[in-house]
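Visitor: Need the 3D shape of this:
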Amino acid sequence: MNAWDRYASLVTARKSWVLLLVVAAASLGLIGAVGKNEAAGQAPVSLPTSAQSARVEQALAEFPDGGSYAAIVVATRADNGDLTDDDRAATASATARAAGQPSAGPIITSPDRKAAIGQVPVSAELTGFALTDRVEDIRAVAADGLPAGLTLQVTGGPAFGADIADSFSGANVLLLVATAVVVAVLLIATYRSPVLWLVPLAVVGAADRVATGVGTGLADLTGLTFDGSTSGITSVLVFGAGTNYALLLVSRYRDELHRESDHRAALRQAVRRAGPAILASNVTVVAALLVLLLAALPSTRSLGTMASAGLLVAVVFVLLVLPAALALCGRNVFWPLVPHADDRDTMNEGIWHTVAAGVVRRPAVVAVCAMAVLAGCAAGLLTVRVGLPQIEQFRVRAESVAGFDTFAQHFPPGASDPAIVLATSGSATGIEEALRRTEGVVQTWRTGTSPTGLARWAVVIDAPPASARAFDTTEALRASVDQVPGAGALVGGTDAQALDIQSAASRDRAVIIPLVLVVVLLVLLVLLRAVPGSVLLVAVTVFSALAALGLGSWISEYVFRFSALDISVPLFAFLFLVALGVDYTIFLVTRAREETVRHGTTQGMVRAVSATGAVITSAGIVLAAVFCVLGVLPLITLTQIGIVVGLGILLDTFVVRTVVIPALFSLIGRGIWWPSVLWRVEEDS
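Guide: This is a model prediction of the structure:
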């Protein structure tokens, strides 16, 4: 008896209920020990500590006011008329109240006299929901007691950060409820049973709660941030992948019930057969996610750590808890469609057998047509734009965005959040000359000197925040001040941070995507021991992922009217599509290896599609729907990931796994398995 046989016997034994109690007790203990994830309301921490703008952030602590940032209060009249002296006085009073000070700083009136701005300091230590609460307090206090027709809006860097954090308010509960409802509906539709769906949903739901606890514990141990975005994506992965594993196991269990009168014997055989494929799929995705630890962006490293840990929890629950729960429930859990021992061979009937048989009859035509469809979708990459401006981060109308739009109508757009230049005070003359000759700079002023002799300038540029023009001007600024001898100049601020994050994201794509492909290829080589097959499957999966990115970018731009993909979308979407696409490949091809021994490559693949077509389709629909649940949050980044990954999974499910791979296997024949022993198996006549 090998290890898998012993494991299958353990989790399906009559006393396997003890295992349920042990896992439940351990899970409750873990959740209680780590407590609540306090970082769930924070926006992702994306700035690399080595970036120039990050070094500016560290240096600003030397200045007396370095521990705060300015929220901008924008005053306008509802009728778009000129501001009166009373309006300006009311704006000054509101700004002072919001700052908690007896008097306000200078109130600046726009050249057209239709707007005025004031500043309210916000502590730099505030993040997440604490920052949101502070900005909401500023908005409430500032709006109190205003003259009729005067409107105040709060924008600027702290306000943008607060609104991003606020978008995650209630995110865990909202995502959990929406995901659970989607999974429940699809499981009921799949199993057509009022009972069976409860078992996998309860198991995967428990895994998600434990995964959250593990993520919180890891964040405390490693210093990584288990922020709202990471938490949401991890939850979606746990629910999606966990449900997929459960569908595969339950599907094999139902097949075995047609051969065994004892439900425990059938379950034992199902666990023995499906377990290796589930574990191999999980190891592949986890290995791919761990590659993210090499990323420059802290938020990307956090996602790699937390999501891989969450998927390990999911596979533990599916392989330990689900079999024990099914063994306890018995055969009637499938009611009203209870399978009985009738020795029925389901692999020679049904719609998926018809589809697979039709594909292998004309594999060349089918392969060419299917690949042409994928190529057409991938053509969307030719026009895709990457880099979503800060003011377009929300699907809902946030006040920080509305306030900035109002501000930009009356002031230079960069005035709401000036760039910061630091240099030695002895080089002030050269720095100021360099700033004046930089194209795109409209105003500069010196804002102080630190005790260590570091001078600071505020620089207003004529460009919207985090726009392409802002990035060009920031790079020009850096080039100009670098030419000042002995200045040691650094350029920071919000635009510089966004530029540094974008540069790091580009570096991560160039490094991580090839490494993920290498990891996936190595896993397939170990699993299949077939060089042509492994290379082909990776190539097809990559092609499918590119098609999804192209199609997703088109839909994002022309249907949802988003101006560009966020910088994190290409990497995350490609990673999830490749890793999760290989999931389905492993489900299919491991079954094909099993059938090839008796029926040859072509017929083995036909039988594999017949056996797994329903479960892969169900799993794909569930996973695509679960990723689309990310769209319930107002951040466009998560909406775009949901769109691209959801579309990609559907392409993978209905085109790649059921059409392209069977056609290519039929065309290549048994050579696909070289150098494994299956290479020598003759075709079934």
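Visitor: how much space is there between the residue of the chain most remote from its centre and V644?
Guide: Going by Cα atoms, centre = their mean, the residue of the chain most distant from its centre is D85, 49.5 Å out. The gap separating D85 from V644 is 53 Å, by Cβ to Cβ, to the nearest Å. Where you see a C-beta, it was placed from the backbone N, CA and C, and this is true even at glycine.
Visitor: cool, and C369?
Guide: Plainly put, C369 is 23 Å away from V644 if you go by Cβ to Cβ.
Visitor: Between the two, which is the more surrounded one?
Guide: V644 (28 against 13; other Cβ atoms under 10 Å).
Visitor: ok, the closest residue to the more buried one other than its chain neighbours - contacts?
Guide: The shortest distance from V644 to any non-neighbouring residue, by Cβ to Cβ, 6 or more residues apart in numbering, is to G552 (3.3 Å). Counting by Cβ atoms under 8 Å, 6 or more residues apart in numbering, G552 makes contact with 380, 573, 640, 643-644, 647-648.
Visitor: Could you verify that G552 is part of a strand?
Guide: No - read with DSSP: H, G, I helix; E, B strand; the rest coil, G552 is helix and lies in no strand.
Visitor: wait, L294 sits on V511?
Guide: Yes - counting by Cβ atoms under 8 Å, L294 touches V511, with 6.3 Å between them.
Visitor: hmm, back to that, which phi and psi does the residue farthest from the centre of the chain have?
Guide: phi -60, psi -40 (degrees, to the nearest 10).
Visitor: Secondary structure class of V195, three-state.
Guide: Classification of V195 by three-state DSSP places it in coil.
Visitor: Give me the below-cutoff pLDDT ranges for the stretch 1-150 of the chain.
Guide: The stretch 1-150 of the chain contains residues with pLDDT under 70 at 1, 35-45, 66, 104.
Visitor: give me that answer again for 50
Guide: By pLDDT under 50, the stretch 1-150 of the chain has no low-scoring segment.
Visitor: just so I have it, where are all the strands in it?
Guide: Using DSSP state E, counting those that start in this stretch, the strands of the stretch 1-150 of the chain run over 68-77, 108-109, 115-123, 150-155.
Visitor: Mind listing the strands the longest one pairs with, and their directions?
Guide: Looking back up the chat, that one is strand 68-77. When pairing is defined by DSSP bridges, strand 68-77 lines up against strand 115-123 (antiparallel), strand 150-155 (antiparallel).
Visitor: what about it, distance to the chain center?
Guide: Relative to its chain's centre, strand 68-77 lies at 32 Å (Cα atoms, centre = their mean, to the nearest Å).
Visitor: Isn't L290 up against M306?
Guide: No - between L290 and M306 there is no contact under Cβ under 8 Å: 11.3 Å.
Visitor: Same drill for those two, tell me which one is more crowded.
Guide: M306 (29 against 16).
Visitor: Which stretches in the stretch 51-200 of the chain count as helices?
Guide: 52-60, 85-99, 128-142, 157-166, 171-191, 198-222 (DSSP state H, counting those that start in this stretch).
Visitor: deepest of these, which one?
Guide: helix 157-166 (a mean of 26; mean count of other Cβ atoms under 10 Å).
Visitor: does the nearest residue to A211 once chain neighbours are set aside count as helix, strand or coil?
Guide: Excluding the flanking residues, the one nearest A211 by Cβ to Cβ, 6+ apart is G310, at 3.6 Å. What three-state DSSP gives for G310 is helix.
Visitor: if we can go back for a sec, mind putting the strands of the stretch 1-150 of the chain into JSON lines with distance to D163 and mean neighbour count?
Guide: Output for these, formatted as JSON lines (distance: least, Cβ to Cβ, whole Å; neighbours: other Cβ atoms under 10 Å):
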{"stretch": "strand 68-77", "distance to D163": "11", "mean neighbour count": "24"}
{"stretch": "strand 108-109", "distance to D163": "23", "mean neighbour count": "16"}
{"stretch": "strand 115-123", "distance to D163": "13", "mean neighbour count": "22"}
{"stretch": "strand 150-155", "distance to D163": "9", "mean neighbour count": "22"}
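Visitor: So which of those strands is nearest A130?
Guide: A130 lies closest, by Cβ to Cβ, to one member of those: strand 115-123, at 9.0 Å.
Visitor: starting at the chain centroid, how far to that closest one?
Guide: Per Cα atoms, centre = their mean, the centroid offset for strand 115-123 relative to its chain is 34 Å.
Visitor: With stretch 223-237 instead?
Guide: Put simply, stretch 223-237 sits 8 Å off its chain's centre (Cα atoms, centre = their mean).
Visitor: likewise stretch 554-573?
Guide: 13 Å.
Visitor: cool, stretch 645-655 as well?
Guide: On Cα atoms, centre = their mean, the centre of stretch 645-655 falls 17 Å from the chain's centre.
Visitor: Would you state the secondary structure element containing the residue at minimal distance from the centre of the chain?
Guide: In the chain, the centroid-proximal residue (Cα atoms, centre = their mean) is I233; its distance is 4.8 Å. Element membership of I233, judged by DSSP states H and E, is helix 228-257.
Visitor: any idea of the mean pLDDT for that helix?
Guide: Average pLDDT, helix 228-257: 86.
Visitor: same question, stretch 474-485
Guide: The model assigns stretch 474-485 a mean pLDDT of 94.
Visitor: for the stretch 251-400 of the chain, what spans make up the helices?
Guide: Under DSSP H, counting those that start in this stretch, the stretch 251-400 of the chain gives helices at 263-290, 298-316, 322-329, 351-361, 363-378, 399-410.
Visitor: quick one: contacts of the last one?
Guide: Same thing as helix 399-410. Contacts for helix 399-410 (Cβ under 8 Å, 6+ apart): 72, 74, 76, 110-112, 114-115, 117, 139, 153-156, 159-160, 162-163, 391-394, 413, 415-416, 464-465.
Visitor: how about a cut-off of 7 Å?
Guide: Defining contact as Cβ atoms under 7 Å, 6 or more residues apart in numbering, one finds that helix 399-410 is touched by 72, 74, 76, 110, 112, 114-115, 117, 139, 153-155, 159-160, 163, 391, 394, 416, 464.
Visitor: How many neighbouring residues does T300 have?
Guide: Residues near T300, counting by other Cβ under 10 Å: 25.
Visitor: and what of the one 5 residues further on?
Guide: Neighbours of T305 under the rule other Cβ under 10 Å: 22.
Visitor: Export stretch 118-128 to PDB, keeping only CA atoms.
Guide: C-alpha atoms of stretch 118-128 as PDB (Å, rounded to 0.1, in the frame of the first residue of the first chain):
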ATOM      1  CA  GLY A 118      -6.700  76.300   1.900                       C
ATOM      2  CA  GLN A 119      -4.600  73.500   3.400                       C
ATOM      3  CA  VAL A 120      -5.300  71.200   6.400                       C
ATOM      4  CA  PRO A 121      -2.300  69.200   7.800                       C
ATOM      5  CA  VAL A 122      -2.800  65.500   8.100                       C
ATOM      6  CA  SER A 123      -0.500  63.200  10.000                       C
ATOM      7  CA  ALA A 124       1.700  61.100   7.800                       C
ATOM      8  CA  GLU A 125       1.400  58.200  10.300                       C
ATOM      9  CA  LEU A 126      -2.300  57.800   9.500                       C
ATOM     10  CA  THR A 127      -3.200  55.000   7.100                       C
ATOM     11  CA  GLY A 128      -6.200  52.800   6.100                       C
END
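Visitor: No further queries at this time; thank you.
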